[in-house]
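Undergrad: Just a sequence and a predicted model for now, questions to come.
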Amino acid sequence: MSATGETRTRTYRVYRYKRGEPGWRFDVFDVPPVRTVLEALRWIQLHVDRTLAIRHSCLHASCGTCGMQVNGREVLACVTPVDDLGGTVTVEPLANIPVLTELVVDMAEFYARFPDEIASTRASEQLADGVPPEGIDAYERFEDCIECGLCLSACPVSATSDAYVGPAALAAAQRLLEEPRGVDTDRVLDWADAPFGAWRCHAAFECTAACPSNVRPAERIMALRGALAGRGGAA
């Protein structure tokens, strides 16, 4: 029984693809009541087909690894309740990122779009008289973006151009302008001013609608354009 007491079985149409096979297909599974899409996929793995490939880790929308399309919308499967999805649920990998297998995409392609100045983690400043807790040498700051790829999948420009760097990378660049920490901001602006950078965005705002972390990438791209215009960048 689901969290809301629903007892019906749902049908899941799940995208299937293995390297070396001639093409992709949808397999259909009837799944008893569960709370989330990820729980449904795990049920399929455990009880029907152990070869189903999915990515997940934290189970509470912090790691971004379970990003996928559900009924045509980008979501994190671990926090997507099934009760409002209807009797048939279609599950597909993220768009605009190469599929490695089934629901697992090649996130190396996603990270390759970011400017070189974006580090995995950056040392965080603290007050001059601040002292980290015992056992911690220094603070590290984690940005709001969880690098899930949902914004890139939802972006209509990325659907037509592999060269476009995409909303996550551009939003990260704008964050560097806000808080450069020694980064050469002129270099970042040069990167954003390239033909497939900030000016390529069509301002559809689908990326902001898809973002699960309130990063608001579309708004950040507009701010980045403002910075470029302020120094004489051209569309």
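TA: It's in.

Undergrad: what pLDDT does the closest residue to residue 96 other than its chain neighbours get?
TA: The shortest distance from residue 96 to any residue other than its chain neighbours is 4.2 Å, reached at residue 158 (C-beta to C-beta, 6 or more residues apart in numbering). The C-beta positions use only the backbone N, C-alpha and C, and glycine is treated the same way. The per-residue pLDDT reported for residue 158 equals 96.

Undergrad: from what I can see residue 158 touches residue 152, true?
TA: Yes: judged on C-beta atoms under 8 Å, residue 158 makes contact with residue 152 at a distance of 5.4 Å.

Undergrad: So for the two, which residue has more residues nearby?
TA: Neighbours per residue, other C-beta atoms under 10 Å: of residue 158 and residue 152, the larger number sits with residue 152, 30 against 24.

Undergrad: can I assume that one is in contact with residue 106?
TA: No: in this structure, residue 152 is not within contact of residue 106 by C-beta under 8 Å, at 12.0 Å.

Undergrad: Kindly point out which residues are neighbours of both of residue 158 and residue 152.
TA: The overlap between the contact sets of residue 158 and residue 152 (C-beta atoms under 8 Å, 6 or more residues apart in numbering) consists of 96, 166.

Undergrad: Residue 138 against residue 132, yeah?
TA: Yes: checked against C-beta under 8 Å, the pair residue 138 and residue 132 is within contact range at 6.2 Å.

Undergrad: Can you name the element that comes right after the strand or helix carrying residue 208?
TA: In the assignment (DSSP states H and E), residue 208 maps to helix 206-210. The helix or strand immediately downstream of helix 206-210 is helix 217-230, counting by DSSP H and E.

Undergrad: residue at max distance from the center of the protein?
TA: Summary for the chain: using C-alpha atoms, centre = their mean, the residue whose C-alpha lies farthest from the chain's mean C-alpha position is residue 129, with a distance of 37.1 Å.

Undergrad: That residue: what secondary structure?
TA: Residue 129 falls in the coil class when you classify it by DSSP: H, G, I helix; E, B strand; the rest coil.

Undergrad: Low-confidence regions, this protein specifically.
TA: In the predicted model of the chain, residues 1-6, 119-127, 139-143, 232-235 satisfy pLDDT under 70.

Undergrad: just the helices in it please.
TA: Across the chain, reading from the start of the chain, the helices by DSSP state H fall at 37-47, 107-111, 150-154, 167-178, 185-192, 206-210, 217-230.

Undergrad: of all the ones you listed, which gets the most neighbours per residue?
TA: Using mean count of other C-beta atoms under 10 Å, the stretch among those with the greatest mean number of neighbours is helix 150-154 (a mean of 28).
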